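> here are the coordinates; sequence isn't available:
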Ligand SMILES: O=C(O)CCC(=O)C(=O)O
Ligand SMILES: [Fe+2]
C-alpha cells in the first residue's frame, strides 16, 4: 500500500488503530505497512549528508552502541517528519495512558504532542530526538532503550527507508522482551521499505493470570550483510 502525496492526517486516519493497539498489547510492537511511499523514503534518506538538518552526529562504534552512524535532526524538523510526529502522537497517547494505568505508573499524556513537548521543556528536555540512521556492510545496532531524561513517552516509531534484498541484506529490526524471572523473548519485525513499526520504548504491561505485570523491552538491528540501510526514528519525548 502506498500513499504518495497524501496528507499525514489522511494516511493515519486510514489505519485500524484498535488493531494496532491490540497488537501492541499482545507483543509490544505493531507494524504500520506502507506508511511512506518509496519516493518519500528516498527523499528522507537523501537528507543524511545535508548537515543543516541535524544538531549532532553519533558514531555508534565510539560509544559501544554497535557499528554505524546516526544523526539527530534539529528544529525546525523537515515538514514530513514534523507532520508524522505531530499526527502519530494523538493515536498513540490513549494506548500509552492505558499502559501506564495497567503498570501503576502515574504519568498520563495530554492529547496533543504540542502539549506534551511543553511538559518536556519544563523539565529541561529541549533538544529534538527524531533521528536518521545509516548503516553499511558489517554495521549493527546493539539492543537499547531510547531514554533521554525524566519524561518518557512509552511508544516510539521507526520507519525503514531502504528496500530489503535490493538496497541491503540482513539488518533485521529486532525486539527483546525481558520478563521477570523468565528467559527473554525475541521478536523480528519483517519491515519492507516504507513500513513503520510502533514499539515499546522501555516497559510494557503484560496481562497475567493475576493482574498485569511489567516487562522490559529493548530494540536493535542485526548485522547488515551487504549494502546500505537507512531508518527514520521518531521518538516523542525530547532530550536534555
Ligand atoms: O535502524 C533501526 O531500525 C532502529 C532504529 C532505532 O534504534 C530507533 O529508531 O530508535
Ligand atoms: Fe533506538
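Here it is on my side, so go on. Remember, predicted model here, so these are calculated numbers, not experimental data. Ligands and ions are numbered 1, 2, ... in the order given.
> Pull the number of nearby residues for residue 209.
Each residue near residue 209 was counted by other CB atoms under 10 Å, and the total is 4. Where C-beta positions appear, they are placed from N, C-alpha and C, glycine not excepted.
> host element of residue 157?
With secondary structure defined by DSSP states H and E, residue 157 is part of strand 155-160.
> Residue 97 belongs to a strand, doesn't it?
No: Residue 97 is assigned helix when assessed by DSSP: H, G, I helix; E, B strand; the rest coil, not a strand.
> That one contacts residue 105, correct?
No: counting by CB atoms under 8 Å, residue 97 does not reach residue 105; the two are 9.8 Å apart.
> Count the neighbours of the residue of the chain found nearest ligand 1 for me.
Nearest residue of the chain to ligand 1, counting by CB to the nearest ligand atom: residue 233, 2.5 Å away. Neighbours of residue 233 under the rule other CB under 10 Å: 18.
> Offset the numbering so it begins at 42, please.
With 42 as the first residue, the last one maps to residue 274.
> where in the chain is pLDDT low?
The chain contains residues with pLDDT under 70 at 42-49.
> how about a cut-off of 80?
Scanning the chain with the threshold set as pLDDT under 80 gives 42-50.
> For the residue of the chain positioned farthest from its centre, which residues are in contact?
Most distant residue from the mean C-alpha position of the chain: residue 251, 30.7 Å away (CA atoms, centre = their mean). Residues near residue 251 by CB atoms under 8 Å, 6 or more residues apart in numbering: none.
> residue closest to the middle of the protein?
So for the chain, CA atoms, centre = their mean, it's residue 198, sitting 2.6 Å from the centre.
> How about the contacts made by it?
By CB under 8 Å, 6+ apart, the residues touching residue 198 are 73, 125, 129, 237-240, 274-275.
> Skipping adjacent residues, who's closest to the residue of the chain closest to ligand 1 in space?
residue 172 (4.6 Å; CB to CB, 6 or more residues apart in numbering).
> Who does that neighbour form a beta bridge with?
Judged by DSSP bridges, the bridge partners of residue 172 are residue 113, residue 274.
> neighbours around it, how many?
21.
> try residue 68
Counted by other CB under 10 Å, the residues lying close to residue 68 total 17.
> Setting the sequence-adjacent residues aside, check what's closest to it.
Spatial nearest neighbour of residue 68, chain neighbours left out: residue 228 (6.3 Å); criterion: CB to CB, 6+ apart.
> Pretty sure that neighbour sits against residue 214.
No: taking contacts as CB under 8 Å, residue 228 lies outside contact range of residue 214: 9.2 Å.
> For the longest strand belonging to the chain, report the contacting residues that lie outside it.
Taking DSSP state E as the criterion, the chain has its longest strand at strand 252-262. Outside of strand 252-262, the residues within contact range by CB under 8 Å, 6+ apart are 69, 107, 143-144, 176, 181-186, 199, 212-221, 240-247, 270, 272.
> in its sheet, what does it sit against?
In the sheet, strand 252-262 lines up against strand 181-185 (antiparallel), strand 214-219 (antiparallel), strand 244-249 (antiparallel) (DSSP bridges).
> Residues of this structure that sit close to ligand 1?
Where the chain comes near ligand 1, counting by CB under 6 Å from any ligand atom, the residues are 174, 182, 187, 199, 214, 260, 262, 272, 274.
> Now tabulate those residues in TSV and tack on distance to residue 159.
Below are the residues of the chain next to ligand 1 laid out as TSV (distance: CB to CB, whole Å):
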residue	distance to residue 159
174	28
182	31
187	20
199	25
214	31
260	27
262	33
272	28
274	22
